[in-house]
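>>> Next come a sequence and a model predicted from it.
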Amino acid sequence: MIKSLSQRLSSYAVTTLALSILPLGLSLVSPEAVEAAPCTYQCESNQIRFVPGQAITIEFVNNTNGMVSLERVLDIDLHWLRPDAEFAIETMVGADDNMSLVFWDENNRSVNAVLHRPNAETLKIELLPSGHDSDRVVHVNNDGRVLVY
């Protein structure tokens, strides 16, 4: 069948209208609008990043059954965390050269480091007993990334 001129024009008008408003619809779904909320509880290390120069507090909570030793690399002080004890360090991201905090169980039992970020200025590290390979280090890079080894 041959379409009438008015049918072809109306089809053309609908297509033109749809193509002209398509970019408008795409701009409503921008990547910024879809961005996820920052992680606050049981975060992976790639979900936490601080701004270089930002003052932060690093809190350790020992939720294991034994004594955990905690040492800040390049510091002389060694801290012992009894079960259910807490310890905090205040620092500035990037001011301390790639800050590393090493920890181990007194009886060499496996320890799991679980990261939390309760607010923008705090990194909370919960030490838990682990049945598999042990975490040993939390490292805060000068660029603000947090790594667990």
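Great, that's in hand.
>>> for residue 73, what are its contacts?
Going by Cβ atoms under 8 Å, 6 or more residues apart in numbering, residue 73 touches 99-102. For every residue, glycine as well, the C-beta is placed using N, CA and C.
>>> for residue 65, same thing?
Each residue near residue 65 by Cβ under 8 Å, 6+ apart is listed here: 83, 129.
>>> Domains of this structure: list them as residue ranges, please.
Following automatic domain parsing, one finds the domains of the chain at 5-32, 45-148.
>>> Could you look over these and pick the most buried one?
Stretch with highest mean neighbour count among these: domain 45-148 (a mean of 16; mean count of other Cβ atoms under 10 Å).
>>> And the helices in the chain?
Remark: helices assigned in the chain by DSSP state H are 5-27, 31-34.
>>> mind checking how far the nearest residue to residue 145 once chain neighbours are set aside is from residue 38?
Leaving aside its sequence neighbours, residue 145 sits nearest to residue 49 (Cβ to Cβ, 6 or more residues apart in numbering; 5.6 Å). Per Cβ to Cβ, to the nearest Å, residue 49 is found 9 Å from residue 38.
>>> Least confident of the helices of the chain, on average?
Least confident of these, judged by mean pLDDT, is helix 31-34 with a mean of 38.
>>> what's near enough to touch the nearest residue to residue 107 once chain neighbours are set aside?
Of all residues not flanking residue 107 in the chain, residue 66 sits nearest, at 5.7 Å (Cβ to Cβ, 6+ apart). The contact partners of residue 66, taken as Cβ under 8 Å, 6+ apart, are 83, 105-107, 109.
>>> Looking at these, which is nearest residue 115?
Residue 115 lies nearest to residue 105 out of these, by Cβ to Cβ, at 18.5 Å.
>>> distance of the spatially closest residue to residue 39 that is not a sequence neighbour from residue 111?
Nearest non-adjacent residue to residue 39, counting by Cβ to Cβ, 6+ apart: residue 47, 4.0 Å away. As defined by Cβ to Cβ, residue 47 lies at a distance of 21 Å from residue 111.
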